[in-house]
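[1] Predicted model and sequence follow; I will ask about them next.
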Amino acid sequence: MSQYVLARVVRMDGIDIGLFDYDRHNPLYYFILNGDEQIYLRYGGRDSTAVDSHLDLSSIELALAKGLELHEEYKTGRLAETPRPPSIYPRDYDLLAENTIKRGRCVECHLIGDFTALEAEEKGEFDRISGMYRSPDFRTVGIHFDVTRGLVLEKAEGSAADAGMAAGDRISHFEGTPVWTFGDLQHLYDKVDRFAESVTMTVERAGQSQDATIQLPKLWWYTDLLFRQWSIEPRVYFKSRPLTVQEKASRGIESDFASEVVNVDPVAELMGAHALQKGDVIVGVDGEQSDPVADRAELHIKLRKKAGESVMLTVIRGAETIETALKTARMSFRK
């Protein structure tokens, strides 16, 4: 680190967020770049398990060493320049500027994420799948990292194993682009079209490189949103599991997102949000039973309804089919 000029950003007011682009709900994120503002690599990232799930002193040491190596390549012309993305600042978002800058408040990272999403929602331009479900979890396709070693796999299963990946492999490229850290890889993975059917990663094994084309399951991007500070997320205060094809057939249910309630948050009763019970099977939302994406009721609501809206649920409870109301909540986070 003594070979670096270190800068800690404590306010985002004047930062070019077009250049410094990342998932704003990461608690800690590093950019390793040069004086020409060429970004060599990123360090950071997380999943829903913990804020520091992919932060480790050993792996950041690897990243810092690689940054110095890339800098030498850049100085000698062996590393090509990358085009700088268009500049954009917090002041360029009206909703963000009105609620932070013009009130003399600190522009915090999570506020950038939330207010820019709210502004896009107000304009009818917000894509809930890619905008709300950020940074898909690699474990969904069977990739598990040895965090201390950066992009080295601890194990591979599921789609990753089917693609030929194995423990000890080091991921070196994503769709042809070199990646050096988990931060690099997660940033590119987050840019993938949510309806893509596959992605190709290059791995190094015993000094040899080989491509692995991973088949993406339908909901490869689906993650737990609980830790995210999203005002655009309709909070529903229950969780459900999708019924299997066999379970639907045996009960004569045709709903795409028929699902059994497996947990009811105690907050639901306190807020008067709904009267769902564990074991209820939700088969309809406002009379709808079809969804091209959602496989469970709460996902259908999060994708198709705005936060704060009320819906009517069609629920099978025991031998009865009932209608029961649910009011979603729009959260607000330290604004």
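    Cool, got the structure.
[2] Going by neighbour count, which residues of stretch 202-218 are buried?
    202, 203, 204, 212, 214, 216 (16 or more other CB atoms under 10 Å). Just so you know, the C-beta spots here come from the backbone N, C-alpha and C atoms, and that holds for glycine as well.
[3] so how far is it from its chain's centroid?
    Computed by CA atoms, centre = their mean, to the nearest Å, the separation of stretch 202-218 from the middle of its chain amounts to 22 Å.
[4] Name the residues that touch it?
    140-141, 153, 159-160, 162-166, 168-174, 176, 196-201, 293, 295 (CB atoms under 8 Å, 6 or more residues apart in numbering).
[5] which of these count as buried?
    By 16+ other CB under 10 Å, the contacts of stretch 202-218 give 140-141, 153, 159-160, 163, 165, 168-171, 173-174, 199, 201, 293, 295 as buried.
[6] Restricted to helices, list these.
    159, 160 (DSSP state H).
[7] taking the buried residues of stretch 202-218 one by one, which sit in strands?
    Members of those lying in strands (criterion: DSSP state E): 202, 203, 204, 212, 214.
[8] pLDDT wise, what is the first one at?
    According to the per-residue confidence, residue 202 scores 98 in pLDDT.
[9] Sketch out the strands for the protein, chain order is fine.
    Using DSSP E, strands in the chain cover 29-33, 39-44, 143-145, 153-156, 170-174, 177-178, 198-205, 208-215, 238-242, 259-264, 281-285, 310-317, 320-327.
[10] export the ones you listed to a markdown table and tack on distance to residue 12?
    Listed next are those as a markdown table, based on distance: least, CB to CB, whole Å:
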| stretch | distance to residue 12 |
| --- | --- |
| strand 29-33 | 12 |
| strand 39-44 | 15 |
| strand 143-145 | 29 |
| strand 153-156 | 34 |
| strand 170-174 | 27 |
| strand 177-178 | 26 |
| strand 198-205 | 31 |
| strand 208-215 | 34 |
| strand 238-242 | 33 |
| strand 259-264 | 36 |
| strand 281-285 | 37 |
| strand 310-317 | 35 |
| strand 320-327 | 34 |
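[11] how many neighbours does residue 19 have?
    For residue 19, the neighbour count with other CB atoms under 10 Å is 15.
[12] what pLDDT does the residue nearest to the spatial centre of the chain get?
    The centre of the chain sits closest to residue 134, judged by CA atoms, centre = their mean, with a distance of 2.1 Å. Residue 134 is assigned 96 on the pLDDT scale.
[13] residues in contact with the residue lying closest to it once chain neighbours are set aside?
    In space, and not counting its chain neighbours, residue 134 is closest to residue 23: 4.8 Å by CB to CB, 6 or more residues apart in numbering. By CB under 8 Å, 6+ apart, residue 23 lies in contact with 45, 113, 134, 135, 186, 187, 190.
[14] I am finished for the moment; much appreciated.
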